[in-house]
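Trainee: got a predicted structure plus its sequence, pasted below:
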Amino acid sequence: MPASAFRPPVIARVVTGVDVLSRARAALAGGAEIIELASEDTASVQRELDCIVPAIEALIDAGIAAPIAIASRRALVVDQAIEAGATLVCPLEGEEAAEMAEIIALHGAEIAGKPRAI
């Protein structure tokens, strides 16, 4: 494939909360190819998990076929998101980078993009 033919996938960031499923469907209808989930509540690991895991399960249960990515700076959240069905990780800068790299490798997940701050 010629270098000029490469086009990165269109990623739609969907923040968890009310109506994740309809927002993900609208993003896909608008041309998104990957759904990236991020939590609106990152006050604690448990609260972030309580947002992310049910959102992933809802997308999968609804038959969303697009790859699901998780955006978090917490290794446990990434681990549980992959267990719930996320296949991509959009790592965010943080203190748990080494642990997160181990979890990504352990699960055989793929990294989407380079670590970034939000």
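Mentor: That came through fine.

Trainee: any idea which element the residue nearest to the spatial centre of the chain lies in?
Mentor: The centroid of the chain falls nearest to residue 70 when counting by CA atoms, centre = their mean (1.8 Å). With secondary structure defined by DSSP states H and E, residue 70 is part of strand 68-72.

Trainee: and that strand, average pLDDT?
Mentor: Averaging pLDDT along strand 68-72 gives 93.

Trainee: what sits up against that strand?
Mentor: The contact list for strand 68-72, computed with CB atoms under 8 Å, 6 or more residues apart in numbering, reads 11, 13, 34-39, 42, 48, 52, 56, 59-60, 77-78, 81-82, 85-92, 112, 118. Using the backbone N, CA and C atoms, a C-beta is placed for each residue, glycine as well.

Trainee: how about 7 Å then?
Mentor: By CB atoms under 7 Å, 6 or more residues apart in numbering, the residues outside strand 68-72 that reach it are 11, 34-38, 48, 52, 56, 59, 78, 81, 85-90, 92, 112.

Trainee: now the angle from the top helix by length along the chain to strand 68-72?
Mentor: If you go by DSSP state H, the chain has its longest helix at helix 45-61. Note on geometry: by axes from the mean of the first three to the mean of the last three CA atoms, to 10 degrees, helix 45-61 and strand 68-72 are set 170 degrees apart in direction.

Trainee: I appreciate the help and will end here.
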